[in-house]
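Enquirer: Attaching a predicted model along with its sequence, questions to come.
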Amino acid sequence: MRLIITRPHEDAEPLASALATLGIETAIEPLLSIEITNSPEPDLSDVQALLLTSANGVRAFAQISRVRNVPVFAVGDASARAAVDAGFERVESASGNVDDLAELIGQKLKPESGALLHIAGSKVAGDLAGYLGEGGYDYRRLQLYHAAKATALTTECVNAIKNRTVDGVVMYSPRTAENFVDLLRHAGVADCSAHLTAFCLSAAVAAKLEALAWSRVIVAETPDQAALIKSVQESF
């Protein structure tokens, strides 16, 4: 089996390595490129915790601040691992989506203990601000990066799809899935989706693929990388 990985290079390479241990070949075709924005170091004096909804947020924060003793609440295990690797001392993972993160915060943190600073990109999934606002929390969002969409598929990727030398594609976000559909159409290979299996991190990702016909659309049991890899492994 050979799969296209659509994640940014920083995230695609560890996934490619994990799949290689299962005997699965991959081709990395980033549909998003992460651009860190220039920002001064944030004032954390009244912040009780950082909220991280992607590993990109961890990397962006680590570039502008050396603070690592503020508790971190991560949406999933991949973000949590990135925080641990960056040196954060206290890391909690919701192991799910934004709803799960909001629930975890409600269980662990009190509104009166301080503000919650969400390290985010220019686009955010879900309504974390709304959930936490209803709970009386002081939610703040700090944009530290921008995910720029790819404007075309590489020639190598288009040829691989045309020639059926790839069996499927791995997608982690609704935005990536939507862009992949658009780029297939732009390249004139939209009909070739019928020969590809789409491996999706969540149902929200899969919903963005409904405009095209696919050989199969497989959604991970839970929205984390381990479950997604398991879904790939069980498909062949």
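Expert: Good, I have the coordinates.

Enquirer: ok, the residue lying farthest from the centre of the chain - contacts?
Expert: Distance from the centre of the chain peaks at Glu112, with 30.5 Å (C-alpha atoms, centre = their mean). Going by C-beta atoms under 8 Å, 6 or more residues apart in numbering, Glu112 touches no other residue. C-beta: built from backbone N, CA, C; applies to glycine.

Enquirer: Wait, a helix at it?
Expert: Yes: applying DSSP: H, G, I helix; E, B strand; the rest coil, one finds Glu112 inside a helix.

Enquirer: and it, what pLDDT?
Expert: On pLDDT, Glu112 comes in at 97.

Enquirer: any idea how far it is from Glu221?
Expert: From Glu112 across to Glu221, the span is 37 Å (C-beta to C-beta, to the nearest Å).

Enquirer: Pull the number of nearby residues for the residue nearest to Cys200 when sequence neighbours are not counted.
Expert: Among residues not flanking Cys200 along the chain, Ala206 sits closest, at 4.3 Å (C-beta to C-beta, 6 or more residues apart in numbering). Neighbourhood size, Ala206 [other C-beta atoms under 10 Å]: 20.

Enquirer: which element is Ala206 on?
Expert: Using DSSP states H and E, the element containing Ala206 is helix 203-207.

Enquirer: hey, C-alpha coordinates of that helix in CSV?
Expert: The C-alpha atoms that make up helix 203-207 are tabulated as CSV, following Å, rounded to 0.1, in the frame of the first residue of the first chain:
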residue,chain,number,x,y,z
ALA,A,203,-16.4,12.6,10.6
ALA,A,204,-16.0,16.3,10.1
VAL,A,205,-13.1,15.6,7.7
ALA,A,206,-15.0,13.0,5.8
ALA,A,207,-17.9,15.3,5.4
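
Enquirer: tell me how far it is from the chain's mean position?
Expert: Centroid separation for helix 203-207 versus its chain: 13 Å, with C-alpha atoms, centre = their mean, to the nearest Å.

Enquirer: So which elements touch that helix?
Expert: Where contact means 3 or more C-beta pairs under 8 Å, 6 or more residues apart in numbering; DSSP states H and E, helix 203-207 is packed against helix 174-186, strand 216-219.

Enquirer: What residues sit buried inside the first one?
Expert: Going back to what we said before, that points to helix 174-186. Pro174, Arg175, Thr176, Ala177, Glu178, Asn179, Phe180, Val181, Asp182, Leu183, Leu184 (16 or more other C-beta atoms under 10 Å).

Enquirer: The last one now?
Expert: The neighbour-count criterion (16+ other C-beta under 10 Å) identifies Val217, Ile218, Val219 as the buried residues of strand 216-219.

Enquirer: circling back: quick check, nearest of the buried residues of helix 174-186 to Arg7?
Expert: Nearest to Arg7, judged by C-beta to C-beta, of the buried residues of helix 174-186 is Thr176 at 7.7 Å.

Enquirer: show me the contacts for that closest one.
Expert: Thr6, Arg7, Leu31, Leu32, Val205.

Enquirer: Just the ones of these in strands?
Expert: The strands, defined by DSSP state E, take in Leu32 from the contacts of Thr176.

Enquirer: can you pick the most crowded of the contacts of Thr176?
Expert: Leu31 (28 neighbours).

Enquirer: State the distance from that residue to Ala115.
Expert: 34 Å.
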